[in-house]
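A.B. asks: predicted model and sequence below, questions to follow.
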Amino acid sequence: MNRKSIFKKLQYGTNAAVFTATVIGVILLINLMIGKLHLQWDVTQNKQYSLSDESKNALRTIDQEVKVLFFVNPTSSIALEMKQLSENIRAVNNKVSLELIDPYRNPSVATQYEVTSEYTAIIMQEDRKKVVSPYDLILTNYETGAQSFNGEGPLMQAIMDVTTAIQPVIYIAEGHGEMTMASELSSLVQLMTGKGSIVHPLNLMETDVIPTDADILYSIGSQRDYSEKVIQNIHAFLERGGKLVLGFGTYTPDESLDRLKGLAKDLGVTVEDHVLLDPEGNYSGDLYTLIPRYTGHPVTTKIEKSRIAMIIPGARSLSIDGGVDGTLMPILQTTDKAWGETTLQDPNAAPTEGEQTGVLSVAVSVEKPVQDGKMQAIIIGNAFLADNQVIRVGGNYDFFLGGLQWMNETGTVLDIPPKEYTPDPILLSGGQAVFLFFICVLFIPIFIMGIGAVVWLRRKNL
């Protein structure tokens, strides 16, 4: 081998080494720049690894240091997902920090924060603290046993709760046969407290006073009428900018709720004395169990967008009085084939003469400016909608969440649904499968081998 040939081979080898080192250096530099700038592209269908716009908007309002302690085995997949979520949050607001603590290696720290379960998160801002349980952060598929991380919604709500100076105070009326927060409304109470609200019972048989710190008053399914004094105090509460959710039970001929119906009437809503049937908008052929239509109201925006149906058994209709001050809007309505009857009959029978027919309202919102801001009310023609037995059915839960958001003007009530990874199967026809086989198994390998052979022969002849 002569000196010229050796020099050429050395030159080619040096050029190849320099080119390889340059490419590796450029790739490392690009990765460092992307890491510093937190650039990423989430190509998953439901943006599995990105923050929602609602989270980003909420984070931009936070100007306080927030610390998140997450008790987890640092090597687990859940820990990696929490780290990814933390990085996404810090890319928007670096005042939120995360510390992973192994509860098995640091039992004293777990004891200090009264943590008894792995996957528990503690969110702290100065002297304010909120605990997010594993049941909120980890979704379990009880059919397969698989677990998935659902951190964004619960974590962001907790961050908002510890950084917001004002938390909505809600009172739930009791004492007149209403559904109570300790029994029928426990799921509704869990929704409220999970969204940062403070919830108290209010026995209106023991006191007729609406507390001064009340923001929202719930009266769901009263079986006995309120006193005139209580009604006056509710009016006064609304006149100072209070919010009211008033739900009536299924109509019975022997009910006596004249003052409560009068309260609704004063707000511009007539509560009709009948039970609704809808031959077109019903659940599984049961004309008395409605699947109502949405009207584009802010309370149902997300349910409507997600195309989730609500299910309402035993509803009564509400009529809107156009002569009352304020803005009244239907939230839920029947189809134009519905009618109301005062006594339960054969559901296949036609409506009798004098019964209401056509598009009828099931829930109505009232909004009116007052001296201290504005009063708001949601009147519902079926109190059973809030009961534990049906609130988790369809979009019923989201209806009450939407109502809570509509009445809360601070923007601290977030609605971030869990992101579940559901890969779409790839279905190939016979021709497509054959085409991919030839391309991937035959053509590409042969093409690469051919290029390699050409390069080898060329270098051999240098």
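C.D. replies: Received, thanks. Remember, predicted model here, so these are calculated numbers, not experimental data.

A.B. asks: how's this protein carved up into domains?
C.D. replies: With automatic domain parsing as the criterion, the domains of the chain are listed as 1-39, 53-163, 171-407, 428-462.

A.B. asks: lowest-pLDDT helix or strand in the chain?
C.D. replies: The least trusted helix or strand in the chain, going by mean pLDDT, DSSP states H and E, turns out to be helix 3-37, with a mean of 69.

A.B. asks: right, and residue 86 touches residue 69 too?
C.D. replies: No: using C-beta atoms under 8 Å, residue 86 and residue 69 do not qualify as a contacting pair, with a distance of 11.6 Å. Backbone N, C-alpha and C define where each C-beta goes, glycine included.

A.B. asks: find residues that contact each of these two.
C.D. replies: Both residue 86 and residue 69 lack any common contact, where contact means C-beta atoms under 8 Å, 6 or more residues apart in numbering.

A.B. asks: any stretches of the protein with poor pLDDT?
C.D. replies: Applying pLDDT under 70 to the chain flags the ranges 1-13, 15-16, 34-49, 140-147, 165, 323, 343-356, 409-413, 415-432, 459-462.

A.B. asks: for it, what's the longest strand?
C.D. replies: Ranked by residue count and defined by DSSP state E, the top strand of the chain is strand 361-370.

A.B. asks: how far off centre is that strand?
C.D. replies: 23 Å (C-alpha atoms, centre = their mean, to the nearest Å).

A.B. asks: what is whichever helix or strand comes after it packed up against?
C.D. replies: Going down the chain from strand 361-370, the next helix or strand is strand 373-380, by DSSP states H and E. With contacts defined as 3 or more C-beta pairs under 8 Å, 6 or more residues apart in numbering; DSSP states H and E, the packing partners of strand 373-380 are helix 228-239, strand 243-247, strand 361-370, helix 396-407.

A.B. asks: dump the C-alpha coordinates for strand 373-380 into PDB.
C.D. replies: Extracted in PDB, the C-alpha atoms of strand 373-380 (Å, rounded to 0.1, in the frame of the first residue of the first chain):
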ATOM      1  CA  GLY A 373     -73.300  43.200  42.700                       C
ATOM      2  CA  LYS A 374     -75.800  40.700  41.300                       C
ATOM      3  CA  MET A 375     -78.000  38.000  42.500                       C
ATOM      4  CA  GLN A 376     -78.100  34.600  40.800                       C
ATOM      5  CA  ALA A 377     -80.500  31.700  41.100                       C
ATOM      6  CA  ILE A 378     -80.900  28.200  39.600                       C
ATOM      7  CA  ILE A 379     -84.400  26.800  39.900                       C
ATOM      8  CA  ILE A 380     -84.700  23.000  39.200                       C
END
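
A.B. asks: list the buried residues for that strand?
C.D. replies: Under the neighbour-count criterion of 16 or more other C-beta atoms under 10 Å, strand 373-380 has 375-380 buried.

A.B. asks: quick check: which of the domains of the chain is nearest to residue 414?
C.D. replies: Each of those has some distance to residue 414 by C-beta to C-beta; the shortest is domain 53-163, at 5.1 Å.

A.B. asks: what is the end-to-end distance of that closest one?
C.D. replies: The distance separating the two terminal residues of domain 53-163, taken as C-alpha to C-alpha, to the nearest Å, comes to 19 Å.

A.B. asks: show me what the helix or strand containing residue 453 packs onto, helices and strands only.
C.D. replies: When secondary structure is defined by DSSP H and E, residue 453 falls within helix 444-460. Taking 3+ C-beta pairs under 8 Å, 6+ apart as the contact definition, helix 444-460 has no neighbouring helices or strands.

A.B. asks: in it, what counts as buried?
C.D. replies: Along helix 444-460, no position meets the burial threshold by neighbour count (16+ other C-beta under 10 Å).

A.B. asks: now do stretch 233-248
C.D. replies: Applying a neighbour-count criterion of 16+ other C-beta under 10 Å, one finds 233-235, 237-238, 242-248 buried in stretch 233-248.

A.B. asks: with only the CA atoms kept, save that stretch in PDB.
C.D. replies: The C-alpha trace of stretch 233-248 is given here as PDB (Å, rounded to 0.1, in the frame of the first residue of the first chain):
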ATOM      1  CA  ASN A 233     -84.600  36.500  54.800                       C
ATOM      2  CA  ILE A 234     -83.800  34.600  51.600                       C
ATOM      3  CA  HIS A 235     -85.000  37.700  49.600                       C
ATOM      4  CA  ALA A 236     -82.800  39.900  51.700                       C
ATOM      5  CA  PHE A 237     -79.900  37.500  51.100                       C
ATOM      6  CA  LEU A 238     -80.400  37.700  47.400                       C
ATOM      7  CA  GLU A 239     -80.700  41.500  47.400                       C
ATOM      8  CA  ARG A 240     -77.200  41.700  48.900                       C
ATOM      9  CA  GLY A 241     -75.800  39.600  46.000                       C
ATOM     10  CA  GLY A 242     -76.500  36.100  47.300                       C
ATOM     11  CA  LYS A 243     -76.800  33.000  45.100                       C
ATOM     12  CA  LEU A 244     -79.600  30.400  45.400                       C
ATOM     13  CA  VAL A 245     -80.100  26.900  44.100                       C
ATOM     14  CA  LEU A 246     -83.700  25.800  44.600                       C
ATOM     15  CA  GLY A 247     -84.800  22.300  43.700                       C
ATOM     16  CA  PHE A 248     -88.400  21.100  43.900                       C
END
